[in-house]
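[1] Please find the sequence and the predicted model below.
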Amino acid sequence: MKQITGGVTAAKGFEAAGVEAAVKYKNRKDMAMVYSTVPCKVAGTFTTNVVKAAPVLWDKELVENAPFVQAVVVNSGVANACTGKQGMDICKKEAQCAGELLGIPETAVLVASTGVIGMQLPLDRITAGIEKLVEAKKPGIEAGTEASKAIMTTDTVNKEIAVEFEIAGKTVTMGGMCKGSGMIHPNMCTMLGFITTDVKISKEMLQKALSADVVDSFNMISVDGDTSTNDTLLLMANGLADNEEITCEGKEYDTFCEALHFITIYLARKMAGDGEGATALFEAKVINAATKEDARILAKSVICSSLTKAAIFGHDSNFGRFICALGYSGVQFDPENVDLYYESKSGRMHIYSKGVACDYSEEEASKILADPEVTALFDMHMGDAEATAWGCDLSYDYVKINADYRS
């Protein structure tokens with residue numbers, strides 16, 4: 001497997017576009033389309049929030065029951081959440097509009113929205129935007145990049161990646177893009193994410209791979225502890241690589257899952273590091289835990305703590321906050337049998353052992369914590385399970401951004 005330049009248009013048969021539709025923002029691209037020239041198998045995972053946006057409900061129905069899909073229409077600025085029947089009607093009209101222009105059934109058109117909750121989508125601007133997208137869509141790296149930029153809200157950078165690998169002697173490709181910066185606390189995943197591949201794989205195995213993957217990728221990130229109403233992760237496979245179809249577990253399925261995990265971990269880390277107001281990617285790695293689930297819970301507890309996030313922002317080696325976050329996670333362990341290390345490109349330092357602080361330099365610890373990517377490593381000495389979670393620091397700018405988000 002090798003990483004290549006590109007995103008959602010890297011795989012055979014996929015086209016994309018990003019256009020300005022003035023849905024909410026002015027003078028920026030705010031609508032995107034991903035389109036396959038042939039029908040696709042699709043898998044999806046969605047928010048576990050009881051309050052689900054209209055696009056989530058629309059897409060869940062299609063992922064479960066549509067014979068195939070071929071396009072995704074995405075807008076930023078307005079979430080189409082808490083919008084009642086009108087919101088669902090707009091999803092249907094979006095799909096009808098795109099379907100008519102593309103010559104495909106409305107049930108082959110997925111929709112996604114991100115932005116302010118409670119606002120109704122302006123249908124005239126949305127349909128005009130779809131017309132622009134259909135006209136502008138094309139293959140190539142640049143088109144994929146434009147789409148990844150058009151789905152941004154408070155993101156500071158677009159997020160995309162592609163890889164090339166082999167399945168049964170055939171060279172295949174997978175690419176992805178996502179957006180996410182605030183309201184990030186996945187429990188299936190808090191963001192919009194779109195992954196495309198030319199691998200031929202059954203719908204059952206596609207869904208199995210995606211559902212298993214998010215547990216250790218997007219579900220292990222958090223920016224602010226808020227699970228969105230619009231979480232959507234879609235995986236489309238059009239089969240144009242013409243490999244022997246993957247229909248069961250085995251070597252080829254494992255290879256597919258490995259590539260998928262590389263894509264999702266890359267995008268998840270990009271989202272965590274681009275949290276609203278963030279200055280650093282904050283990673284918590286738990287090793288030698290009693291069980292995998294314990295390791296996940298412990299790591300997530302650390303990166304979700306406002307106090308640990310604030311310590312990272314202040315480059316303050318207040319290690320008690322890290323140990324405290326382990327302690328209220330709900331996992332049972334012996335605090336006098338835990339070792340804590342800080343790691344970054346500036347080095348590695350042993351901070352806590354046998355229930356007390358190690359003899360370390362506060363100045364050197366602060367230097368490690370000042371790097372743009374920081375890891376807190378916890379050795380639980382209880383087993384051989386491990387897990388990693390990703391978040392970001394908590395800065396003054398987070399409050400500024402969210403206090404003024406609707407404007």
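    Yep, that arrived. Numbering: from 1, shown residues only.

[2] Send over the longest helix along the chain as CSV, restricted to the C-alpha atoms.
    For the chain, the helix that runs over the most residues, judged by DSSP state H, is helix 251-273. Backbone C-alpha positions of helix 251-273 (Å, rounded to 0.1, in the frame of the first residue of the first chain) are rendered in CSV as follows:
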residue,chain,number,x,y,z
LYS,A,251,-6.6,-12.2,2.8
GLU,A,252,-8.2,-9.8,0.3
TYR,A,253,-10.8,-8.5,2.9
ASP,A,254,-8.0,-7.9,5.4
THR,A,255,-6.0,-5.9,2.8
PHE,A,256,-9.1,-3.8,2.1
CYS,A,257,-9.7,-3.2,5.8
GLU,A,258,-6.0,-2.2,6.3
ALA,A,259,-6.3,0.4,3.5
LEU,A,260,-9.6,1.7,4.9
HIS,A,261,-8.1,2.0,8.4
PHE,A,262,-5.1,4.0,7.0
ILE,A,263,-7.6,6.4,5.4
THR,A,264,-9.8,6.8,8.4
ILE,A,265,-7.0,7.2,10.9
TYR,A,266,-5.4,9.9,8.7
LEU,A,267,-8.6,11.8,8.4
ALA,A,268,-9.5,11.4,12.1
ARG,A,269,-6.2,12.7,13.2
LYS,A,270,-6.6,15.7,10.8
MET,A,271,-9.9,16.5,12.3
ALA,A,272,-8.7,16.3,15.9
GLY,A,273,-5.7,18.5,15.1
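
[3] quick check: mean pLDDT across that helix?
    In this model, helix 251-273 carries a mean pLDDT of 94.

[4] try stretch 22-40
    Per-residue scores along stretch 22-40 average to 94.

[5] Span of that stretch from start to end?
    End-to-end distance for stretch 22-40, by C-alpha to C-alpha, to the nearest Å: 30 Å.

[6] What residues sit buried inside it?
    By neighbour count on 16 or more other C-beta atoms under 10 Å, the buried set for stretch 22-40 is 23-25, 29-36, 39-40. Backbone N, C-alpha and C define where each C-beta goes, glycine included.

[7] Show me the residues you listed that map onto strands.
    31-36, 39-40 (DSSP state E).

[8] now the helices for the protein?
    Along the chain, counting by DSSP H, helices occupy 54-65, 84-102, 123-136, 141-150, 203-214, 251-273, 292-304, 306-313, 319-327, 362-369, 396-403.

[9] Out of these, which gets nearest to Val172?
    Nearest to Val172, of all the helices of the chain, is helix 251-273, at 8.2 Å by C-beta to C-beta.

[10] quick one: buried residues of that closest one?
    252-253, 255-257, 259-273.

[11] Reformat the helices of the chain as a markdown table; add distance to Phe14.
    Shown next, in a markdown table, are the helices of the chain (distance: least, C-beta to C-beta, whole Å):
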| stretch | distance to Phe14 |
| --- | --- |
| helix 54-65 | 18 |
| helix 84-102 | 14 |
| helix 123-136 | 14 |
| helix 141-150 | 8 |
| helix 203-214 | 16 |
| helix 251-273 | 14 |
| helix 292-304 | 33 |
| helix 306-313 | 37 |
| helix 319-327 | 41 |
| helix 362-369 | 41 |
| helix 396-403 | 33 |
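
[12] Looking at these, which is nearest to Gly115?
    helix 54-65 (11.3 Å).

[13] Output the below-cut-off pLDDT ranges for this protein.
    Residue ranges of the chain with pLDDT under 70: 181-190, 223-228, 275-277, 397-398, 401-402, 404-407.

[14] correct me, but Thr5 touches Ala162?
    Yes: under the criterion of C-beta atoms under 8 Å, Thr5 makes contact with Ala162 at 6.9 Å.

[15] Run the chain-centre distance for stretch 271-282.
    13 Å (C-alpha atoms, centre = their mean, to the nearest Å).

[16] Once you drop chain neighbours, what's closest to Ala54?
    Leaving aside its chain neighbours, Ala54 sits nearest to Gly87 (3.5 Å; criterion: C-beta to C-beta, 6 or more residues apart in numbering).

[17] Now do the one you found against Leu110, distance only.
    Using C-beta to C-beta, to the nearest Å, Gly87 is found at 15 Å from Leu110.

[18] And those two? Which one has more around it.
    Comparing Gly87 with Leu110 by other C-beta atoms under 10 Å, the one with more neighbours is Leu110, at 29 against 22.

[19] Tell me the bridge partners for that one.
    Beta-bridge pairing of Leu110 under DSSP bridges involves Val72.
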